[in-house]
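Visitor: predicted model, plus sequence, below.
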Amino acid sequence: IDRAKIFVFNGGIDTSRFRDENAPRIYSLVFAGRFDTNKGPFRVLEIIKRIITEAPDIKCVMLGEGELRKSFESKVIEEGLSKNIDCFGHVTNPEIYFRQSKIFVLPSTNEGLSTAMLESMGCGCVPVVSNVGNTSEALKNNLNGFLIEHFDDIGSFANSILILLGDKQKWNDFSIEGVKIVSEHYSYKVQSGIFRKIIERD
């Protein structure tokens with residue numbers, strides 16, 4: 001196959017739905033993904049344990065289902081973190097939680113380009129995620145979020161999150177830039193235009 005004819009099409013984000021509405025950010029962190037070893041909910045738990053010594057009031061909302069959910073919830077209770085972590089399972093309105101959260105965290109072992117990350121960015125969340133797959137296509141390190149080189153580098157995840165929680169201006173600048181990138185490159189309108197050009201190629 002001629003390499004010039006190969007194109008990665010990501011699909012679009014409904015920016016009329018996944019948009020920032022300046023809602024109160026009551027959650028420090030949001031995780032949205034399948035509860036499995038790839039997405040890393042237990043790594044999120046370790047990140048929170050690392051952060052909590054400096055930010056004891058941190059709140060995290062966990063969205064999603066999967067084979068690890070029950071054991072995760074049991075571990076939250078065992079670690080005495082029930083006041084810090086809310087587990088809501090599968091939700092049909094993740095945009096509400098994205099708008100209520102400051103930071104989207106996803107310590108995945110592999111990804112393509114995370115749709116949940118793009119949706120959260122559209123809602124003004126700042127992503128702190130593993131540098132895997134095509135993530136760096138939309139997330140520019142230290143511009144609209146932080147890319148962590150190793151998915152199990154709990155210290156780097158924790159430090160990056162603490163930087164954002166402690167620097168309101170940096171968080172705000174990253175948030176604005178993230179909304180802009182999603183709007184300019186990943187909206188339905190923009191992505192449908194790209195798809196149309198692909199179809200119309202000779």
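Guide: That came through, no problem.

Visitor: show me where this protein has strands.
Guide: Per DSSP state E, the chain carries strands over the ranges 27-32, 60-63, 85-89, 101-106, 126-130, 146-148.

Visitor: what residues of the fifth one count as buried?
Guide: Judged by neighbour count using 16 or more other CB atoms under 10 Å, the buried positions of strand 126-130 are 126, 127, 128, 129, 130. Bear in mind the C-beta positions are built from the backbone N, C-alpha and C, glycine included.

Visitor: ok, these vs residue 93, which is closest?
Guide: residue 127 (19.7 Å; CB to CB).

Visitor: need the contact list for the closest one.
Guide: Taking CB atoms under 8 Å, 6 or more residues apart in numbering as the contact definition, residue 127 lies against 103, 104, 105, 106, 117, 120, 121, 139, 144, 145, 146, 178.

Visitor: quick check: the third one touching residue 157?
Guide: Yes - taking CB atoms under 8 Å as the definition, residue 105 is a contact partner of residue 157 at 6.9 Å.

Visitor: which one's more surrounded, the two?
Guide: Set residue 105 next to residue 157 and count neighbours by other CB atoms under 10 Å: residue 105 wins out with 31 against 28.

Visitor: residue 122 and residue 130, how far apart?
Guide: Residue 122 sits at a distance of 20 Å from residue 130 (criterion: CB to CB, to the nearest Å).

Visitor: next one: residue 152
Guide: Separation of residue 152 from residue 130 (CB to CB) stands at 9 Å.

Visitor: between these two, what contacts are shared?
Guide: residue 107.

Visitor: which of the residues in stretch 158-176 are buried?
Guide: Neighbour counts over stretch 158-176 (16+ other CB under 10 Å) mark 158, 159, 160, 161, 164, 165, 171, 174, 175 as buried.

Visitor: format those as CSV; extra columns: pLDDT.
Guide: What follows is the buried residues of stretch 158-176, written out as CSV (pLDDT from 0 to 100):
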residue, pLDDT
158, 98
159, 98
160, 98
161, 98
164, 98
165, 97
171, 98
174, 98
175, 98
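
Visitor: nearest to residue 26 among those residues?
Guide: Nearest to residue 26 among the buried residues of stretch 158-176, with distances taken as CB to CB, is residue 165, at 13.4 Å.

Visitor: do I have it right that that closest one meets residue 52?
Guide: No - contact between residue 165 and residue 52 fails when scored by CB under 8 Å: they sit 11.7 Å apart.

Visitor: overlap in contacts, these two.
Guide: With CB under 8 Å, 6+ apart as the test, residue 165 and residue 52 both reach residue 58.
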